[in-house]
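Engineer: for reference, the sequence and a predicted model appear below.
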Amino acid sequence: MSEAAGEPVWRKWHDDGQPVRLGVSACLLGAEVRFDGGHKRDRYLTDVLGVNVTWLPVCPELEIGLGIPRPTIQLRGGERGDRLVLREGGEDLTDAMRAYADARTAELDALGLDGYVLKKDSPSCGMARVRVHGAPGGMPQRTGVGHFVQALERRMPLLPLEEEGRLNDPPLRERFIEAIFSRNRWRVLVSRGLSRKSLVAFHEAHKMLLLAHDESIYRRLGRLVGGLGQQPDEEIYASYGQLFAEAFQRRATIARHVNVLEHLFGYLKKRVSSVEKREIASAIAEYRAGRVPLIVPISLLRFLVASHDVEYVRGQLYLEPHPRELMLRNHV
Ligand code: SF4
């Protein structure tokens, strides 16, 4: 993992042989697999995110043999929608979908997934707020979860999930993409063979990114790494992987970003001129007030870190945790 000059920080922790791999509702990529033979292509997924990830498209309804065109199905009963049934006639598909979804999600898990993008409102693929029908003529409740998603949650409870529409929301998009890239880095590390040394280096590089998401987990991970040698390595690796994934379920808020920016500024204070100090303090204040996006203080910090060659900060993934062209920090 040597640091090539000019290489973005995130690059050296990823591996072209193990790209970020996402499951996706096949209709979102333009496959004509919907009940009426149509699709729901999402341009952000195909034209922007798709350049940086590998997709594993799945259409659960087609794969359980419902065909195209097919009758409409819906969730019925219970808060999350206990049963999956044909709207006309009421044939119950719950057991067939469950058997298929448990086997398919096990297959996806074995391939290695970093996240999943789901089609909203679908009784199979919807992540939340799917209509659940009760008594005939009654109003459906928007409390359901698609049955394929329920299987994903059973199999991979910490897998980052997101719906296509929500990815238009910049903070939700940033949280999801940070989570999938982070999960991929952990998978790459594990596949290369974990060691005490590699875990310490991984943790060091992620410190500020973790702090931006969850300070309590950041501290617990620090204690875990500090305890290497005092309990079996395998136990530490397993706990680290679990907690690391949990950290990215929490969103990095403006307040948490400001906390991290000030931490990083602290490392630079002794190296930079008074003019540079004023500039960075002002960029952080402007960001805190919501007048400039996160990319402004980050770019300034990156520049100062490179000019003053502050090695510890230069290696922090927080400064650049994913490809720049995704422009995630231009909007949060
Ligand atoms: S929402 Fe899911 S089940 Fe429906 S067409 Fe898209 S991929 Fe298939």
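Structural biologist: Noted; the coordinates are in hand.
Engineer: how far away is residue 29 from residue 23?
Structural biologist: Separation of residue 29 from residue 23 (C-beta to C-beta, to the nearest Å): 11 Å. Placement of C-beta: from N, CA and C, glycine included.
Engineer: cool, residue 153 as well?
Structural biologist: Counting by C-beta to C-beta, the gap from residue 153 to residue 23 is 13 Å.
Engineer: ditto for residue 285
Structural biologist: If you go by C-beta to C-beta, the gap between residue 285 and residue 23 works out to 41 Å.
Engineer: ok, the two, which is more surrounded?
Structural biologist: residue 23 (25 against 13; other C-beta atoms under 10 Å).
Engineer: what's the following helix or strand after whichever helix or strand the more buried one is part of?
Structural biologist: Assessed by DSSP states H and E, residue 23 sits inside strand 21-25. Using DSSP H and E, the helix or strand that follows strand 21-25 in sequence is helix 43.
Engineer: which residues of the stretch 101-250 of the chain lie near the ligand?
Structural biologist: Residues of the stretch 101-250 of the chain lying close to the ligand by C-beta under 6 Å from any ligand atom are 119, 122, 124, 125.
Engineer: give me every residue that touches the first one.
Structural biologist: Listed by C-beta atoms under 8 Å, 6 or more residues apart in numbering, the contact partners of residue 119 are 25, 27, 28, 40, 125, 126, 163, 164.
Engineer: what about the residue of the stretch 201-332 of the chain found nearest the ligand, distance to residue 213?
Structural biologist: For the stretch 201-332 of the chain and the ligand, the shortest gap (C-beta to the nearest ligand atom) falls at residue 249, measuring 23.6 Å. According to C-beta to C-beta, residue 249 and residue 213 sit 8 Å apart.
Engineer: okay, and the common contacts of residue 29 and residue 23?
Structural biologist: By C-beta under 8 Å, 6+ apart, the residues touching both residue 29 and residue 23 are 55, 57.
Engineer: quick one, domains of the chain?
Structural biologist: The chain breaks down by automatic domain parsing into domains covering 9-165, 169-332.
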